[in-house]
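Q: below is the sequence, then the predicted model.
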Amino acid sequence: MPILRQYISFILIALGALTIDGPILAQTNPPVEQGRKEAPQQKPNFPEQTRVPTVGTPSPYTATIITDDLEFPWGLDFLPDGRMIVSEKPGNIRIISKDGKVSQPLAGVPPVRYQGSGGMYDLKLAPDFATSRRVFWTYVTTSEGDAMNCVTNGILSRDASRLENVEVIYRIQPTRGGRFHFGSRMLFDQDGRLYVTFGDRFRSGRPEVQQLNSALGKIIRINQDGTPAKGNPFAGKDKALAEIWSVGHRNPQGLAFNPVNGELWETEHGPRGGDEINVIQKGGNYGWPEVSFGLEYNGGAVNGTGLTEKEGTQQPVYYYDPAAAPSGMTFYDGNLLPEWKNNLFVAMLRGMHIARLVVDQKTGRIISEERILTEEGQRFRHVVQGPDGALYALTDHENGRLYRIGK
């Protein structure tokens, strides 16, 4: 059922403000976010760090619901024949045909700990899937009563009905009680190394986010057998986990490489406000919980200080106040809509839209923002670019949807 999106009201703004080679937006255009700030006393550390001007998409496009028969879907990837493979938070992995037929859950998948925000998370095909048929996924299980993130892989059977030779390649340490803030997105780089995000486990693990002997609140970088990848920044340091790539994260749920320069970008949930989009540097410290925009849920200052900057920590390239709950993300490098070229798209849960963010590739800053699919009233969990050049998005609902967005 196609739903035409033409955003006529934004046409003159977009055409007058954008050039394909170098996006420039008149600062007189109002920001798309007009809501009350949770922390109005906090100020951005540079002009484009929050509430940038609005932009529109002049070209017409459609958003088509491929299926609404998914149960809290989380991860999405594309098989070589064009079918899709999707993970569901309650613990299932399914195959979706091009026309939207959803398979029964694949056999051979270990049970998950489906409590609170825990369950099954991201799913990625191995870079050599065409020959290996290997699938990777991340989920929460129980270890001696506590919750534990795992990274697992298995071989998709030839009839695509089951996963075989399933093996856990990485178990997070330490384990913790509680039911929230697990992360957990995955991404392969061009050399086949795997990046995985882990949350701070809410209150229980917060003190360990800045400690190098814990994987809580970290992004790790591992080989496909789960061992630390060569060249990680903390390898060889006393008591440090050799797999750690960056530290100081709260609840990171999105990863994407910028196709222009190869930079790794990340999204994470902040506290009461302060959701972040970060450019991840090797060995970078992203501050949590010592530095944060937003407030504690009780309205107090984060960490008792309310600091929004501190020497030795990285600033978010963009933050949200009030919260939008950013999850999966992708850079668009297709050709269906030229004005979207190299733009960043982020699935928003609380915000109930997909954010299109125009990045000035010279400065690395976000200079304009658009909200799409707001009329759908959906919590968007993930967005990826498909092999046909369209965007595909999942929604976080009991009757979760899969959208195709393009022409």
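A: Okay, I see it. Everything numeric in this text was worked out from a predicted model, so none of it was measured.
Q: strands of the stretch 251-400 of the chain, start to end?
A: With strands called from DSSP state E, counting those that start in this stretch, the stretch 251-400 of the chain shows them at 252-257, 264-268, 275-280, 318-320, 326-331, 344-348, 353-360, 365-372, 380-385, 391-395, 400-406.
Q: return the alpha-carbon coordinates of the fifth one using PDB.
A: Presented in PDB, the C-alpha positions along strand 326-331 are these (Å, rounded to 0.1, in the frame of the first residue of the first chain):
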ATOM      1  CA  PRO A 326      17.900   7.200  18.200                       C
ATOM      2  CA  SER A 327      18.500   3.500  17.200                       C
ATOM      3  CA  GLY A 328      19.700   2.100  13.900                       C
ATOM      4  CA  MET A 329      21.300   4.300  11.300                       C
ATOM      5  CA  THR A 330      22.600   4.300   7.700                       C
ATOM      6  CA  PHE A 331      24.300   6.700   5.300                       C
END
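Q: average pLDDT across that strand?
A: Averaging pLDDT along strand 326-331 gives 98.
Q: redo the strands of the stretch 251-400 of the chain as JSON lines? Include distance to Asn232 and mean neighbour count.
A: Heads up, the C-betas are built off the backbone N, CA and C, glycines and all. Listed next are these as JSON lines, based on distance: least, Cβ to Cβ, whole Å; neighbours: other Cβ atoms under 10 Å:
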{"stretch": "strand 252-257", "distance to Asn232": "16", "mean neighbour count": "24"}
{"stretch": "strand 264-268", "distance to Asn232": "14", "mean neighbour count": "26"}
{"stretch": "strand 275-280", "distance to Asn232": "13", "mean neighbour count": "24"}
{"stretch": "strand 318-320", "distance to Asn232": "26", "mean neighbour count": "27"}
{"stretch": "strand 326-331", "distance to Asn232": "23", "mean neighbour count": "25"}
{"stretch": "strand 344-348", "distance to Asn232": "26", "mean neighbour count": "27"}
{"stretch": "strand 353-360", "distance to Asn232": "27", "mean neighbour count": "23"}
{"stretch": "strand 365-372", "distance to Asn232": "28", "mean neighbour count": "21"}
{"stretch": "strand 380-385", "distance to Asn232": "26", "mean neighbour count": "26"}
{"stretch": "strand 391-395", "distance to Asn232": "31", "mean neighbour count": "26"}
{"stretch": "strand 400-406", "distance to Asn232": "35", "mean neighbour count": "22"}
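Q: quick check: which of these is nearest to Asp189?
A: strand 252-257 (7.2 Å; Cβ to Cβ).
Q: for the closest one, which strands pair with it and how are they oriented?
A: Strand 252-257 pairs in its sheet with strand 264-268 (antiparallel), by DSSP bridges.
Q: which of the strands of the stretch 251-400 of the chain sits closest to Phe180?
A: Per Cβ to Cβ, nearest to Phe180 of those: strand 252-257, 12.3 Å.
Q: residues in contact with the closest one?
A: 183-187, 189, 195, 197-199, 219, 263-269, 326-331, 344, 346-347 (Cβ atoms under 8 Å, 6 or more residues apart in numbering).
Q: so how far is it from its chain's centroid?
A: Relative to the centre of its chain, strand 252-257 is centred 4 Å away, using Cα atoms, centre = their mean, to the nearest Å.
Q: try stretch 185-197
A: Using Cα atoms, centre = their mean, the offset of stretch 185-197 from its chain centre is 13 Å.
Q: ok, which stretches of the stretch 201-350 of the chain are helices?
A: Using DSSP state H, counting those that start in this stretch, no helices are assigned anywhere in the stretch 201-350 of the chain.
Q: by mean pLDDT, flag the weakest helix or strand of this structure.
A: When the helices and strands of the chain are scored by mean pLDDT, DSSP states H and E, helix 11-17 comes last with a mean of 36.
Q: what does the helix or strand that that one is followed by contact?
A: Using DSSP states H and E, the next helix or strand after helix 11-17 towards the C-terminus is strand 61-70. By Cβ under 8 Å, 6+ apart, the residues outside strand 61-70 that reach it are 1-5, 86, 88, 94, 96, 99-102, 336-337, 372-373, 376, 392, 394, 399-407.
Q: tell me which strands strand 61-70 pairs with, and in which orientation.
A: Looking at strand 61-70 with DSSP bridges, its partner strands are strand 2-5 (antiparallel), strand 400-406 (antiparallel).
Q: what residues are bridge-paired with the residue most central in space within the chain?
A: Computing the C-alpha centroid of the chain and ranking residues by Cα atoms, centre = their mean puts Gly254 first, at 1.4 Å. Judged by DSSP bridges, the bridge partners of Gly254 are Thr267.
Q: ok, the nearest residue to Asn342 once chain neighbours are set aside - how many residues close by?
A: Of all residues not flanking Asn342 in the chain, Val260 sits nearest, at 5.6 Å (Cβ to Cβ, 6 or more residues apart in numbering). If you count neighbours by other Cβ atoms under 10 Å, Val260 ends up with 14.
Q: cool, Pro80 as well?
A: Neighbours of Pro80 (other Cβ under 10 Å): 10.
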